[in-house]
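*Asks:* please work out how this folds:
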Amino acid sequence: MIQSHFFANLSRLKLINRWPLMRNVRTENVSEHSLQVAMVAHALAVIKNKKFSGNVNADRIGMLALYHDASEVLTGDLPTPVKYYNAQIAHEYKKIEKIAQKKLIQMLPEELQDIWSPLLDEHQASREEHAVVKQADALCAYVKCLEELSAGNNEFLTAKARLEKTLQERRSPEMDYFMEVFIPSFSLSLDEISQDTPL
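*Replies:* As a prediction, the model looks like this:
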């Protein structure tokens, strides 16, 4: 049986730090970010279906989100100001991401590639699925800003303002619901979020 390096590569996502140009109170890696985005994307999809007459596959969206940054194990995490410096750089980086996604898929045994290909290749997601994952990605970046600012790190003030604009652009009823119900807790201390739910 031929060995595959697919999961060994993905396990290295924990070695890639996000926000590399900024001083962090607590470093965040791509692996933990991907887990959080998967949880939030799944929640957004569930809220969309339960409260706003949506008809999306929440489980699939959660899995798409889990793998949304997988190609960074080959490309690294390019800082946002560099990645989106101009349209040409953004376009070229998208081409690099596409190559990395294909390379990851090719690492899998051939009989499994059709299972992971729709999760790794973002072009195989519907526009609606892609939108939910992008919303979750922005929400999680916003949460990171709130956590850093709560810890007294003003380095994230500009990023927070930029993300508020992004969230406004990606706004949806399910995102408004998530922002109102879940986001305020991220600025609270452990004692504050624990006081209503003692063990």
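*Asks:* now do the strand or helix carrying residue 148, average pLDDT.
*Replies:* Per DSSP states H and E: residue 148 is located in helix 127-150. For helix 127-150, the mean per-residue pLDDT is 96.
*Asks:* which other helices and strands contact it?
*Replies:* Other elements packing on helix 127-150 under the criterion 3 or more Cβ pairs under 8 Å, 6 or more residues apart in numbering; DSSP states H and E are helix 30-51, helix 58-66, helix 157-169, helix 173-181. For every residue, glycine as well, the C-beta is placed using N, CA and C.
*Asks:* if you count neighbours, what's buried in stretch 39-52?
*Replies:* Using 16 or more other Cβ atoms under 10 Å as the test for burial, stretch 39-52 gives 40-48.
*Asks:* check contacts around residue 137.
*Replies:* By Cβ atoms under 8 Å, 6 or more residues apart in numbering, residue 137 lies in contact with 37, 41, 65, 68.
*Asks:* and these, which two are the farthest apart?
*Replies:* Greatest spatial distance in the contacts of residue 137: 41 and 68, 8.2 Å, computed using Cβ to Cβ.
*Asks:* next, show the common contact partners of those two.
*Replies:* By Cβ under 8 Å, 6+ apart, the residues touching both residue 41 and residue 68 are 133, 137.
*Asks:* pLDDT-wise, which helix or strand of the chain ranks last?
*Replies:* helix 80-83 (a mean of 70; mean pLDDT, DSSP states H and E).
*Asks:* so what's the residue count around the nearest residue to residue 107 once chain neighbours are set aside?
*Replies:* Excluding the flanking residues, the one nearest residue 107 by Cβ to Cβ, 6 or more residues apart in numbering is residue 6, at 4.2 Å. For residue 6, the number of neighbouring residues by other Cβ atoms under 10 Å comes to 19.
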